[in-house]
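*Asks:* no FASTA, just this:
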């Protein structure tokens, strides 16, 4: 369905719908995708859902939002993107200075919120086909800001036995130091197991000298600049997921039941790393009548 067709359908449906929800995600992949998945859940309950996405994001990708309408907005960074500018120039310096306290502050805020108003939880916010399969054609995320090496990855895993390989990825924003890269490289080499390691182009210079040729060949591993992570974790070929514990990666590991080794770097990642024990609960939450399903229904009945 084209964007114009989606808008026409939205206008026609608005007269029949009980309500209309607007989702406004932060302009980065790790925020846009779960918010659009939330929007799809709202739409599946018979409400209209619209996502406000920045012009830069829409100009660099083609959102696959299903029945969620997309409207563009400006954040003042239409040429390069707010997230890129902000994270490059400010955020890392900020978190380096005060992050040791932010995790505790976050936990205190969550406890305070729960004491004054009942928190409504939803999720995991990953495509329905990997969970309850109740939303037709919801088999992938809405956007991908990097081009995944899908064919190469699928060819590589095709001959692997189940749960035999290690998947390593630190998401679209987290950065490791050269020392961390070296420790991780030596650790992977010592496992004597095949591994698929996602190393963004901007990070490849941090790999130890000779690592790609020697260790990759020895272990039967593979390096890629970006990968279709959700599909790979769902393949059953990986017995271990080494992750920075970003929100999307954490809920994917939980929802798909892949054992995780967490190497959190900053912001919410240390908090996310504590959620690794909730696999079964996370899957039940999305089932018909599960806690997330009930909470979405309650939220929409109250406000939409």
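*Replies:* That came through fine. Quantities reported herein were computed from a predicted structural model and do not represent experimental measurements.
*Asks:* which stretches of the chain form helices?
*Replies:* Ranges of helices in the chain, per DSSP state H, are 3-14, 29-44, 55-60, 82-86, 92-116, 150-157, 178-191, 211-219, 229-234, 247-256, 269-272, 279-286, 291-303.
*Asks:* by contact count, what packs against the shortest one?
*Replies:* Where contact means 3 or more Cβ pairs under 8 Å, 6 or more residues apart in numbering; DSSP states H and E, helix 269-272 is packed against helix 92-116. Every C-beta, even on glycine, is put in place using the N, C-alpha and C of the backbone.
*Asks:* neighbours of the closest residue to residue 60 other than its chain neighbours, just the number please.
*Replies:* Distances taken as Cβ to Cβ, 6 or more residues apart in numbering place residue 145 nearest to residue 60, at 6.7 Å, with adjacent residues excluded. For residue 145, the count of nearby residues is 18 (other Cβ atoms under 10 Å).
*Asks:* Same question for residue 203.
*Replies:* Residue 203, neighbours per other Cβ under 10 Å, totals 16.
*Asks:* Pull up the gap between residue 122 and residue 240, please.
*Replies:* From residue 122 across to residue 240, the span is 28 Å (Cβ to Cβ, to the nearest Å).
*Asks:* Show me where this structure dips below the pLDDT cut-off.
*Replies:* Where the chain drops to pLDDT under 70, the residues are 1-17, 81-114, 116-117, 212, 276-280.
*Asks:* Once you drop chain neighbours, what's closest to residue 24?
*Replies:* Computed as Cβ to Cβ, 6+ apart, the closest residue to residue 24 that is not its neighbour in sequence is residue 52, at 4.9 Å.
*Asks:* no wait, residue 299
*Replies:* Here the residue nearest residue 299, using Cβ to Cβ, 6+ apart, is residue 120, at 5.8 Å.
*Asks:* Residue 129 now?
*Replies:* residue 139 (4.4 Å).
*Asks:* now residue 33
*Replies:* Per Cβ to Cβ, 6+ apart, closest to residue 33 is residue 141, 4.3 Å.
*Asks:* With residue 181 instead?
*Replies:* Distances taken as Cβ to Cβ, 6+ apart place residue 206 nearest to residue 181, at 4.3 Å, with adjacent residues excluded.
*Asks:* close enough to count as contact, the one you found and residue 178?
*Replies:* Yes: in this structure residue 206 lies within contact range of residue 178 using Cβ atoms under 8 Å: 4.5 Å.
*Asks:* In terms of packing, which of the two has more residues around it?
*Replies:* Remark: of residue 206 and residue 178, residue 206 carries more neighbours, 16 against 12, as counted by other Cβ under 10 Å.
*Asks:* gap between that one and residue 260?
*Replies:* Distance from residue 206 to residue 260, by Cβ to Cβ: 23 Å.
*Asks:* same check, this time on residue 301
*Replies:* For residue 301, the distance to residue 260 - Cβ to Cβ - is 35 Å.
*Asks:* Give me the more crowded residue out of these two.
*Replies:* Each of residue 301 and residue 260 has its neighbours counted (other Cβ under 10 Å); residue 260 has more, 21 against 11.
*Asks:* Show the contacting residues for residue 303.
*Replies:* Neighbouring residues of residue 303 by Cβ atoms under 8 Å, 6 or more residues apart in numbering: 19, 21.
*Asks:* What count of nearby residues applies to residue 18?
*Replies:* Quick note: residue 18 (other Cβ under 10 Å) scores 11 neighbours.
*Asks:* How about the contacts made by it?
*Replies:* Per Cβ under 8 Å, 6+ apart, neighbours of residue 18: 46, 47, 300, 304.
*Asks:* Thanks again, I'm all set now.
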